[in-house]
Structure formats: structure tokens, C-alpha cells
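**Q** need coordinates for the following:
(3 chains)
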Amino acid sequence: MPEGHSIHRLASQLSSVFGGQRLAASSPQGRFAAGAAGLNGRVLMGAAAHGKQLFVEFADAPHDSHTPPIFLRVHLGLYGAWSFGGDRSFMGASSIGAPRRVGEREIDGTPDAAYTGPPDPVGAVRLRLASDSGWADLRGPTACEVITGPERDAVIDRLGPDPLHDDTTGDDAARFTAGVRKSASPVGLLLMNQAVIAGVGNIYRAEALFRRKLNPRLPGKSVSAAEASALWQDIGQIMRDGVRDGRIITTLPVDRGSKATRVKREDAHYVYGRAGLPCRRCGTPVALADLAARKLYWCPDCQAQ
DNA sequence: CGACAATGTGTAA
DNA sequence: TACACCTTGTCGA
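**A** Sure, this is the predicted structure:
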């Protein structure tokens, strides 16, 4: 799926194109008809991400402080995606979510100079949001529901710290470090556990462990506090890069085959999706194994321990 | 056209 | 550990 960086981009996009506006909501596919009816005609107040969870806040009126807000909770799962279109105010990504091919960039949008309204829905559109100036279509989410504020808080409480949130006090880093070091589970599993760290998926898992030279099978309790902290910092850096770029690029320029400014798809990662290909650092073939029903990639030499 | 894989998670056994 | 979920694109027959 879209890992945490894509969900943060989505939250920004939804806030910037729909914030403060009264929206029409519908479910062309029909599977979210009741939920869409509950959102229809409400004002989108803002959107926020926690890990891979997206929360969109709706109010009855722009400055209504009497009626409690309601929240749309969306989890894209493995293949969910949003697409956008509209006039100049819809500049930015036109598609965020599951890519056509692994490593593909999220697609840049071109504004429609003479926007007259949303197109006929293509495929299975679970939810369509539309303002006077544009539209957003949601396809294939694992979760799509309307919930209350306390229900949203309960979802967030079950999640670990999100490395894309500001961590000015260091509390989040400390929570992550403690979560790793108290567990006998392999660190490669812990990074995929959203209660330990929210937003990391299979690509960031593989790439962060390579960059820190950590063996994915190393038990969490064997990771030093200093190394856990460095891992947290590095994940934060590569995920912030992902938010900026709209794609996951974890290689340093020195480790890429091409010197081109535009990073080629095949040069974007160290180990993810590179089973059998030579490691960019040492030339050893990248290994592949199944771990908890997910593909695990690592360099047996660079990540020997 | 069918089979299959894909940045994921929840449930049952 | 398996598979259900349920969407899209790709690849092979």
C-alpha cells in the first residue's frame, strides 16, 4: 500500500483543495451509500494522518462550535487510492495511493482550465467528494467509515508514534525505542507493527534496516538504545523525503547507477524488490524470504548482524 | 480471458 | 499460518 508518507500527502491535498468548503458526497459504487449520505452537504474542516490512517473532519457549518464534528476514517489497505481533478485550485497530485508499478511516482495533476464538473465515475468508486471547483474519488479502501471524535481518538491510541509528526520533546523517539527493546520479536517484524511505529510499510522496513546495517531477524531486545534511536531518526528522514517527493527514494546519489537528476525507478531502493540483484554497496546478491506472509529483502553481507 | 501480484490488515484455526 | 477482503495493471495462453 501507500505507506505513511502517501497518507500525509493525501491529508495535505484534501485540506488544501477542500478545506472550509461545503461538499457533495456520494458513493457511485453504492457500497458506502449510507456513509456518503451522512457526509453530503457538510463542510470539510481539515484532514490529518496518523501512520496509514486518514481522518477527515466534517462540520455542519464553517464556524459551528455547537455540533460535534464527525470524521471520515479511511485506510487504503493494499490497493486503495484517491484520484483528484478540477480547476487551478486542484494543482498538485492527481493520484495518491496504490501505484501502477512499484516505485512509480504519484502522478502530477494538470488543472482543467475550463472545469465544468466531475467526470462520470470510472471503475468502482467507493466515495466521491466534490466542491464547486473539483472532485476526489476513492477506490478500493480497506476501511471507509464515518466515526465520532472519541472513536477517532481510540483508533489513534492503538497506534505507535508516527515519525512524520513533530517530535519536539523526544517522547515519540523514546516510545519507539522502548517498544523495540522490550520485545523478543525480530526488528524486521517490529517495524511492520503499527503499534510500535505507525506508517512504516514493506519498502521503508527493508530500506531503513539496510541503511542502518541491521539484520531483520535481530531480536528487538538486542538492538541498543542508541541504534534504535538512530533507526527512528533515519526512518523520519526518508519518510519526510517521501512526503516531499511523492515517491520513496532511499538511495544516496553515490549508490545509484545513473547520475541523472531524475532518479530512475530501478535506482530508488537498496534492497526492496531487488532479490538476486547485486547489493549496491558490496555486490552480494540481495536475499528474499517470507516473513509473516510479507516479502522480506535484505543484503546477507551488509546486514549480517 | 484468467491468473496473479501489489507500499495492508483483520480474523480464524 | 492461511485466507478474506475486493481493485487495478500486467502477463501469459
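
**Q** for the stretch 151-300 of chain A, what spans make up the helices?
**A** A:171-181, A:187-190, A:202-211, A:225-245 (DSSP state H, counting those that start in this stretch).

**Q** any idea which of those helices gets closest to DNA strand B?
**A** helix A:202-211 (3.4 Å; Cβ to the nearest atom of the strand). In short, each C-beta sits where N, CA and C put it, glycine included.

**Q** give me the pLDDT value at the nearest residue to residue A:44 once chain neighbours are set aside.
**A** Distances taken as Cβ to Cβ, 6 or more residues apart in numbering put residue A:18 closest to residue A:44, at 4.3 Å, once the chain neighbours are dropped. pLDDT for residue A:18: 96.

**Q** now do the contacts for residue A:18.
**A** A:44, A:129, A:131, A:136 (Cβ atoms under 8 Å, 6 or more residues apart in numbering).

**Q** got the confidence number for the closest residue to DNA strand B within chain A?
**A** Nearest residue of chain A to DNA strand B (Cβ to the nearest atom of the strand) works out as residue A:201 at 2.2 Å. Looking at residue A:201, its pLDDT stands at 96.

**Q** what about the nearest residue to it once chain neighbours are set aside, distance to residue A:242?
**A** Leaving aside its chain neighbours, residue A:201 sits nearest to residue A:3 (3.7 Å; criterion: Cβ to Cβ, 6+ apart). Going from residue A:3 to residue A:242 by Cβ to Cβ, to the nearest Å gives 7 Å.

**Q** can you list the domains in chain A?
**A** Using automatic domain parsing, the domains assigned to chain A come out as A:4-157, A:171-298.

**Q** these: lowest mean pLDDT?
**A** With a mean of 92, domain A:4-157 has the lowest mean pLDDT of the domains of chain A.

**Q** go ahead and confirm the residue of chain A closest to DNA strand B touches residue A:192.
**A** Yes: using Cβ atoms under 8 Å, residue A:201 makes contact with residue A:192 at a distance of 7.4 Å.

**Q** tell me which of these two has more neighbours.
**A** Counting neighbours by other Cβ atoms under 10 Å for residue A:201 and for residue A:192 shows that residue A:201 has the greater number, 22 against 19.

**Q** report how many residues lie close to the nearest residue to residue A:289 once chain neighbours are set aside.
**A** Sequence neighbours aside, residue A:296 is the residue nearest to residue A:289 in space, at 5.1 Å (criterion: Cβ to Cβ, 6+ apart). A count of neighbours around residue A:296, defined by other Cβ under 10 Å, yields 23.

**Q** quick one, what contacts residue A:296?
**A** A:188, A:206, A:216, A:288-290.

**Q** want to throw those residues into a markdown table with distance to DNA strand C and neighbour count?
**A** Below are the contacts of residue A:296 laid out as a markdown table (distance: Cβ to the nearest atom of the strand, whole Å; neighbours: other Cβ atoms under 10 Å):
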| residue | distance to DNA strand C | neighbour count |
| --- | --- | --- |
| A:188 | 13 | 24 |
| A:206 | 19 | 28 |
| A:216 | 15 | 22 |
| A:288 | 15 | 14 |
| A:289 | 11 | 13 |
| A:290 | 8 | 8 |
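
**Q** show residues contacting stretch A:191-199.
**A** By Cβ under 8 Å, 6+ apart, stretch A:191-199 touches A:3-5, A:7-8, A:49-53, A:158-164, A:176, A:179-180, A:183, A:185, A:190, A:200-202, A:204-205, A:208-209, A:232, A:235, A:239, A:292, A:294.

**Q** near DNA strand C, anything from it?
**A** No: Stretch A:191-199 is not in contact with DNA strand C by Cβ under 7 Å from any atom of the strand; minimum separation 11.9 Å.

**Q** hmm, that stretch touching DNA strand B?
**A** Yes: with Cβ under 7 Å from any atom of the strand as the criterion, DNA strand B is reached by stretch A:191-199 at A:192, A:194.

**Q** distance-wise, check the residue nearest to residue A:201 relative to residue A:23.
**A** For residue A:3, the distance to residue A:23 equals 27 Å [Cβ to Cβ].

**Q** enumerate the residues of the stretch 101-250 of chain A near DNA strand C.
**A** Checking the stretch 101-250 of chain A against DNA strand C by Cβ under 7 Å from any atom of the strand, the hits are A:101, A:122-124, A:126, A:139-140, A:142.

**Q** for the residues you listed, work out which two are farthest apart.
**A** A:101 and A:126 (23.1 Å; Cβ to Cβ).

**Q** neighbour count: the two, which is higher?
**A** Shown here are residue A:101 and residue A:126; by other Cβ under 10 Å, residue A:126 has more neighbours (21 against 6).

**Q** where does that one fall, phi/psi-wise?
**A** For residue A:126, the backbone dihedrals (degrees, to the nearest 10) come out as phi -70, psi -40.

**Q** that one against residue A:26, yeah?
**A** No: under the criterion of Cβ under 8 Å, residue A:126 is not in contact with residue A:26, lying 10.2 Å apart.
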